[in-house]
Structures are given as C-alpha cells and as structure tokens.
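[1] starting from these lines, generate the structure:
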Amino acid sequence: MKAALLTALAVFASLCQAAPVDLLVSDGVTNAVRRYDGTTGQYLGIFASGGGLDTPAGLTYGPDGNLYVVSKWTHSVLRYDGTTGAFIDIFAAGPALGEWEELAFGPDGNLYVGGYGINRVFRYNGSTGAFIDEFVSAGSGGLLTTRCFTFGPDGNLYVGTRGTEDKILRYDGVSGAFLDTFVAPGSGGLVDPLAMSFGPDGYLYVSNRYGENVLRYNGATGEFMDVFAAGTGSHPWGIDFSPNGSLYVSVHNLDKVLQYDATTGAFISEFIAPGCGGLDQPSHLLVTPEPATVFLFGIGALVIRKRTRT
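    Alright, predicted model coming up:
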C-alpha cells in the first residue's frame, strides 16, 4: 500500500510539470465548450459542440482520455475526442428528471451523474455507458437535490444539496450507503453549493452561490475553515485548480472567469474578461490536463481495493 501510494504521488508530481495547461468552460447559451489558454486566458476557440449538446454543464475527462460533457436538457452525457474535440457519441442517457448538471468518474471507473431537482445519483458503466443502478437512492440521507458532487481522497462520494437545508452529505464510495452529514447545514454561510473540489492541500472547496464566494472546509472533518475566495460577484459556479498555483472560478451572471491564488485565496486577476470569445453564462470549468483528478483516481482505487479486502 505504501509503495503504491508513493508511486501515485510521483505520478502526480510529474503530471503537474507536464505540458501546457488549457481551461475548458461550459457555455450555457451557445451550447459549446470553449477553450482558453490556462496561463494567459487567451481565447483559443470552441473545443467541443454538436451532437445534440443542449446547455453543457459538467465536464470531465474519462479513463479513455476523451471528454465527457453533460447535456442538461437532453438528459444525457456526450462524448468528444479528448484531443480534437470531435463529437463521438451519446455515451449515456437517462430519464427526463430535473436538470442534469454534474458528472464524475468514480474510483471504480464507472460514470456517476446527478443534477438539480434530482434527489439521487445515477451510475453508468464507464466503458459502455449502460445504466447500472441508482448508486445513491432517492432521498437517501435527506438528499433533496444533487446540486454538485465529487469523490474525495478517501474514495467516498460527497454531495452538495440544497432545499430546506444547504449542506454536504457523504456516501460510501463502494455501496452508495449514506454515511453522514459532512458539512452541517449553512456552515460558514453556505447557501446553494454549485461546485466543489478537493484542493491539492486536501481541503474541500465549495462555490457558494448566494454568498458570492468560495468556502473552505477541513477535508477530514468537514468543519468550516474560512471564506477562501471573496468578492466573486453574482452566481459563482465552476471551480478548478491549476498546476500553476491558481484557483479558477466562473461567474455565471457576469460571463467571466476569475483567478485566485490557490494557497492564500488572494485575488489575482479577471482571468477571462466578460464575454471573451463569446462566453455567455459560463458554468463548469475543467483544467486540462488535470493531474488532481488522475491523482484522486489512483488514491481512490487504492482505498477501495484495501477496503474490499478487509
């Protein structure tokens, strides 16, 4: 276990020093995923579109190296070539329930999907796109709507929800069983979590829609730590970390992306200016290549293997 962990850390370090970084942004009005230089913010063009994409939301790269994009109003996940952005296929589709918004590949290699107005998490085969099950069953643990989710370094699933209470719930990464309320209702001023990510430091970062900020929580206990990034403006949504030491935050209602220091939370710049390249109502962000995701896949897989053997 220790040797495998050290190997994973070495891979992570090498990925952080790898080739140039791009920033992909879901454009909710023009039905496209736009690409920007991850160092300068320069607009590089539309990376992915077509195939019936209707209001793109969550973005992630799969184990096959291709880009997977949630199509909110067709209730599907579309797959695009990870290098060229060319449309490949409709990878997974499901019930016309709520607003499909979030997706993630789990440590087991399968695809997980949820969204606003959906009080469960769907699981699909990560190779074929075939429906497997409701990994988190309807209403489990008091889940009202799957606003956002992510797998943590411990291999478990963390889900941000809102409704009568705004909180983050934790579910077993193997069985989907409810474990606990990881972040207490309203902790730190949480009102409508739209995206979250475990940072390179292991803490949990959450974009707080109505607080107009990014909150930070202890990654082990869920205790509120601080308002990490303030002054985002109306409707902060997507967040992602870059190997260059930055935290990027998309601001949905202001059509821009802000840059903060990933260590201190200090504001650096208006990284993508309002409307740059035609950007209109941005939501989810994806830094690519994204070493943190690869790292978590490796750690999560190790955790799951250890747990299933005991």
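[2] what sits against Gly219?
    Gly152, Pro153, Phe198, Asp201, Gly202, Tyr203, Leu204 (C-beta atoms under 8 Å, 6 or more residues apart in numbering). No exception for glycine: its C-beta is placed from N, CA and C like everyone else's.
[3] if you rank the residues you listed by neighbours, which is first?
    Neighbour counts for the contacts of Gly219 (other C-beta atoms under 10 Å) peak at Leu204, which has 24 neighbours.
[4] low-confidence ranges in the chain?
    1-19, 290-310 (pLDDT under 70).
[5] tell me which stretches of it form helices.
    With helices called from DSSP state H, the chain shows them at 2-16, 291-309.
[6] mind listing the strands in the stretch 151-300 of the chain by residue range?
    With DSSP state E, counting those that start in this stretch as the criterion, the stretch 151-300 of the chain has strands at 157-161, 167-171, 178-183, 193-198, 204-208, 213-217, 224-230, 236-241, 246-251, 256-261, 267-272, 282-288.
[7] still on that earlier bit, let's have the contacts of Gly219 in a markdown table, adding distance to Gln281.
    Compiled in a markdown table, those are given as follows (distance: C-beta to C-beta, whole Å):
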| residue | distance to Gln281 |
| --- | --- |
| Gly152 | 29 |
| Pro153 | 32 |
| Phe198 | 26 |
| Asp201 | 30 |
| Gly202 | 32 |
| Tyr203 | 28 |
| Leu204 | 26 |
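[8] and which of those is nearest Val69?
    In terms of C-beta to C-beta, no member of the contacts of Gly219 lies closer to Val69 than Phe198, at 21.8 Å.
[9] my guess is that closest one contacts Leu204, does it?
    Yes - distance between Phe198 and Leu204: 5.6 Å, which falls inside the contact criterion (C-beta atoms under 8 Å).
[10] pull up the overlap in contacts between those two.
    Common neighbours of Phe198 and Leu204 (criterion: C-beta under 8 Å, 6+ apart): Gly152, Gly219.
[11] about what we covered before: could I get the strands of the stretch 151-300 of the chain as TSV with distance to Tyr124?
    Below are the strands of the stretch 151-300 of the chain laid out as TSV (distance: least, C-beta to C-beta, whole Å):
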stretch	distance to Tyr124
strand 157-161	15
strand 167-171	17
strand 178-183	21
strand 193-198	21
strand 204-208	25
strand 213-217	29
strand 224-230	33
strand 236-241	22
strand 246-251	26
strand 256-261	29
strand 267-272	32
strand 282-288	18
